[in-house]
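1. Fold the following and give me the result.
(2 chains)
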Amino acid sequence: MASLGLACVRLCAGLTGRHAVPCLRSLRYLSGMTVSQIDEEVAKLLQLKAQLGGDDGKHTFVLKTAKGTRDYNPKQMAIREKVFNTIISCFKRHGAETIDTPVFELKETLTGKYGEDSKLIYDLKDQGGELLSLRYDLTVPFARYLAMNKITNIKRYHIAKVYRRDNPAMTRGRYREFYQCDFDIAGQYDPMIPDAECLKIVYEILSELDLGDFHIKVNDRRILDGMFAVCGVPDDKFRTICSTVDKLDKMPWEEVKNEMVKEKGLSEEAADQIGEYVSMQGGMDLAERLLQDPKLSQSKQACAGLTDMKQLFSYLQLFQVTDKVVFDLSLARGLDYYTGVIYEAVLCQTLQPPTPAPAEQNGAVSGDEAGVSVGSVAGGGRYDGLVGMFDPKGRKVPCVGVSIGIERIFSIMEQKAELSAEKVRTTETQVLVASAQKNLLEERLKLTAELWNAGIKAEVLYKKNPKLLTQLQHCEETGIPLVAILGEQELKDGVVKLRNVATRDEVDVSRAELVEEIKKRTSES
Amino acid sequence: MSLTSNQFLYCLLYILILQIDEEVAKLLQLKAQLGGDDGKHTFVLKTAKGTRDYNPKQMAIREKVFNTIISCFKRHGAETIDTPVFELKETLTGKYGEDSKLIYDLKDQGGELLSLRYDLTVPFARYLAMNKITNIKRYHIAKVYRRDNPAMTRGRYREFYQCDFDIAGQYDPMIPDAECLKIVYEILSELDLGDFHIKVNDRRILDGMFAVCGVPDDKFRTICSTVDKLDKMPWEEVKNEMVKEKGLSEEAADQIGEYVSMQGGMDLAERLLQDPKLSQSKQACAGLTDMKQLFSYLQLFQVTDKLSAEKVRTTETQVLVASAQKNLLEERLKLTAELWNAGIKAEVLYKKNPKLLTQLQHCEETGIPLVAILGEQELKDGVVKLRNVATRDEVDVSRAELVEEIKKRTSES
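-> Have a look, this model is predicted:
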């Protein structure tokens, strides 16, 4: 009865647009609310209304970014550009192409691909069209792209932002919007060569970025599964035991064993057997030894994985990267879609205690070293089944790839820049065109245009009669190395005073030779 | 406290609408869950409406265009920033007028209400205010999102790039304005898109013109948007809209018609400053004086044209390491690693025993200019056959000098 009344009022409101009668108060009485409760509800609704479309002309500037996101200021952008240039030139050196995909996908595309992590996906509001979600990674869009374009072979990189609604610990560099930098080789090839190239690429990138010492752990899903089988883990517990083993990089063995036995119901005997294997590390020698292992060699899967591991190491030797690659049986990557080799690159800094001290959580400096936390900076593996999930005929396109943890690398580089004496420039300007005297704006603008036309990076202050000191200060603040000073006498003589900002050395250069001289000096640096 | 009837009706409306929305959302969610997480794999081979992937060829073109544009911005001493793809809904609310309905909202998943950015200017303003910045010269290249009806073939999408350059701060008048125009001129010339021209005007001149032509103050903006259509409609139709639809007097419309047909350079600005009618508007005079100043700076900023043309490759690989004989995979891999270590862009086929023809075809298809061919005899002699793919010229190069030779040849191109 009350709701019918309310509906009528709604109709009236719709028709007349505005006025209603306070008989509504009696309707409210019927629905059992008190007036003060109504007031409360009204206030909430008005708030919501304001949010929903307050085009009342009032201009509010909310001075926050969304939770878990941040702006990049020019310094951070300069660091970011250097990192991307290093990474991209490595990809290009290996003959990779690049693609780009939209920031949102049809919700259906992402559904069912991320397991438990699906609850972290950002959905777009249903505004009457297709249901959309922000991409969660670059791998599923890649698989969709391959299937959509019926591509069977491609070597591609993709650098773009992805979106995850988890609880960011901002100071530890985890955000809800962050860059991923993926490199993948798709296609049927002779085994392990592309897998080896992926590792070579990780090695090159981490070396060139100069992040300090690192190592890359490799393992294989088939070896893990074979190991679980021969240790007596029931088939249906493989994945869950796998994700427990994955925690070995954060928790000691005792706790991991405890989780396997107490929480996941594994027998203590099986857990102990697993414990023996996962402590093993080595190179090709370990793979050979394990092929002789009486227990493990009973698993066909494990043998296949071990044989491929040997092949991989032989290629890694040819690629000269074995000094930093280690076959580590405790490596178990989280995502469900890996089918073969898996790997993870870790920076070696000071040993991290299991629960980080507060200082480290804030990224503070400890001693001589930057407050770099140990953690993976790259990870990946082979995933042969994913593209088939997108193809109506289930056609498989085998893939192997790696994702570089670029946000972590940014944090590290930002900290390094903070600590070093070297200033990070945010512009690339080579020369400021200046004058000591008044009424020389026209001449300054003319000379600046000449320099721009010759491809030189130049600036001029937007002031008719700036003081020389102001102009020199601008150079010092922004790191401009040269200043070209005009004056009445110089103009008569057809010269320009070219000054080195750092040393203050000054020399007269003829107008005709100025461009040449600037190019010479800036290419030497 | 008592409610006004307005407020009360709004409440009811919103309660009911919200309840409906909630129920619909629940059902759609359920549908999505039922359709997805049942282990069955659905084959959705589409991008969202109004969006598209960029394939490698498109990316190669895009990279060239961005490089040209960015190097122009850098040449002028601009910095760059980046902002998140979504903002708090409040930040975008009330800034876009009628276009607000085109904003993509994110679903309320229990946290802040968010929307995808609609342009780069509002985020820029937020960034300046948030960081209390008074002076900056910045560019920002990023995608923005608008839910309008894309006519895909006409190049309008719901997700598309914007490339903004802005100078913020108090400066001596018209110099930064002139630099912006210089930048547009440089970019369009370097991109080699053909002939172009840049039209300039001034809001104060327009408003002054409307005032002296007898347009009522409250009609300025709406008459302005009609005049804006002159690039798409002939004067007759524009006049018609002003008079018939917007209620302007025919006399006023005719007077506007005389002015809007004028084009010129600094000379036009000078002439208009002498115009008996227009010079009565202080606003117009200020705008015209600044226009003269602008043109004087534009004269000092002369521009030159440039030409460039290149084949579009999607990779930058310089040399393929190949072999004509079998069982040379190890040697190929070794040599490839040597080249990578020397910074040379190299590829090798993922095949133990590929045919030479296959390897050469790969070079031709992807535009790789050189191929380094290994063979038993060559390995004994310590040389590599370096072949120019296009000309087929081949020469033996010693292993020690190979890197040098490749670098020499690829820097000449």
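2. Strands of the stretch 251-400 of chain A, start to end?
-> Listed in chain order, the strands of the stretch 251-400 of chain A (DSSP state E, counting those that start in this stretch) span A:281-282, A:325-328, A:341-347, A:376-382, A:399-404.
3. From residue B:317, how far out is the residue in chain A that chain B sits nearest to?
-> Minimum separation of chain A from chain B (CB to the nearest CB) falls at residue A:111, amounting to 3.0 Å. Just so you know, the C-beta spots here come from the backbone N, C-alpha and C atoms, and that holds for glycine as well. Distance of residue A:111 to residue B:317, given as CB to CB, to the nearest Å: 38 Å.
4. Tell me where the stretch 251-400 of chain B is predicted with low confidence.
-> B:303-314 (pLDDT under 70).
5. And the helices in the stretch 101-250 of chain B, which stretches?
-> Assigned by DSSP state H, counting those that start in this stretch, the stretch 101-250 of chain B shows helices spanning B:121-130, B:175-190, B:203-212, B:220-227, B:235-240, B:250-260.
6. got the angle between the last one and helix B:203-212?
-> Right, the one you point to is helix B:250-260. Going by axes from the mean of the first three to the mean of the last three CA atoms, to 10 degrees, helix B:250-260 is angled at 150 degrees with respect to helix B:203-212.
7. Pull the residues that contact helix B:250-260.
-> Applying CB atoms under 8 Å, 6 or more residues apart in numbering or on different chains, the contact partners of helix B:250-260 are B:209-210, B:212-215, B:223, B:227, B:230, B:235, B:239, B:242-243, B:277-278.
8. list the contacts for residue A:333?
-> A:246, A:342, A:344, A:379, A:381.
9. ok, 10 Å please
-> A:217, A:219, A:221, A:224, A:242-243, A:246, A:342-344, A:376, A:379-381 (CB atoms under 10 Å, 6 or more residues apart in numbering or on different chains).
10. just residue B:267 next, same as before
-> Residues in contact with residue B:267 (CB under 10 Å, 6+ apart) are B:292, B:295.
11. what does the one 10 residues further on give?
-> Going by CB under 10 Å, 6+ apart, residue B:277 touches B:208-209, B:212-213, B:255, B:258-259, B:284.
12. now do residue A:386
-> Contacts of residue A:386 (CB under 10 Å, 6+ apart): A:113, A:139-140, A:142-144, A:146-147, A:186, A:335-339, A:396-399.
13. buried subset of these?
-> For these, a burial check counting by 16 or more other CB atoms under 10 Å in any protein chain shown picks out A:113, A:139-140, A:142-144, A:146-147, A:186, A:335-339, A:397-399.
14. Go back to those residues and keep what's next to chain B.
-> A:113, A:142, A:144, A:147 (CB under 10 Å from any CB of the partner chain).
15. related to what we said a few turns ago, closest to residue B:127 out of the contacts of residue A:333?
-> When these are compared for distance to residue B:127 (CB to CB), residue A:376 wins out at 31.8 Å.
16. and the closest one, bridged to which residues?
-> residue A:346 (DSSP bridges).
17. Assess the claim that it and residue A:346 are in contact.
-> Yes: under the criterion of CB atoms under 10 Å, residue A:376 makes contact with residue A:346 at 5.4 Å.
18. Can you pull the residues that touch both of those two?
-> Joint contacts of residue A:376 and residue A:346 (CB under 10 Å, 6+ apart) are A:214, A:216-217, A:249.
19. Dump these into a markdown table; add secondary structure, distance to residue A:273 and pLDDT as well.
-> Below are the shared contacts of residue A:376 and residue A:346 laid out as a markdown table (DSSP: H, G, I helix; E, B strand; the rest coil; distance: CB to CB, whole Å; pLDDT from 0 to 100):
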| residue | secondary structure | distance to residue A:273 | pLDDT |
| --- | --- | --- | --- |
| A:214 | strand | 31 | 95 |
| A:216 | strand | 27 | 97 |
| A:217 | strand | 21 | 95 |
| A:249 | helix | 21 | 81 |
